[in-house]
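Any chance you could fold what I've pasted below:
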Amino acid sequence: MRRYRNITDEELSDLGATREWDALRARSLLAPEGELLWVHNRRQKFSSIEPADARLLRRVKILKIDAYDITTDFGRYSLDTGRNVHDACGCMRFCDCYGRLYLPAE
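Predicted structure coming up:
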């Protein structure tokens, strides 16, 4: 389980997502029908932006799942962790290098 707290359990529940990341369950989601929740790693630091702003919180569509990665319409993420596969680029923009995925609640 990841200890990541830029989003509360209540928010996740309201958004129909779960904090627990399960690679086997992620693999079972169907592309291109599957959707995941993406949350910006530094969401709490952007206090001047509404927390539900699409730059900080969005639904992403699964395009492809292979042996190691999940490719979405907003970047590539590790199948094992749900984290972005690139190191943070330092651009301070709202790109996939600063996000993590959450699975839908069962």
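
burial of L101, as a residue count?
For L101, the neighbour count with other Cβ atoms under 10 Å is 25. Where C-beta positions appear, they are placed from N, C-alpha and C, glycine not excepted.

any residues touching the helix or strand it falls within, and which ones?
Under the criterion of DSSP states H and E, L101 resides in strand 99-104. Identification of contacts with strand 99-104 by Cβ atoms under 8 Å, 6 or more residues apart in numbering yields 2, 4, 7, 12, 16-22, 25-26, 29, 35-41, 60, 70, 72, 74-75, 77, 82-84.

Would you write a PyMOL line that selects the buried entries of these?
Only the buried members of the contacts of strand 99-104 end up in this PyMOL selection, burial being decided by 16 or more other Cβ atoms under 10 Å:
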select buried, resi 7+12+17+18+19+21+26+35+36+37+38+39+40+41+60+70+72+74+75+77+82+84
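
among the contacts of strand 99-104, which are in helices?
L12, R25, A26 (DSSP state H).

Could you measure from the last one over to L103?
It refers to A26. For A26, the distance to L103 equals 6 Å [Cβ to Cβ, to the nearest Å].
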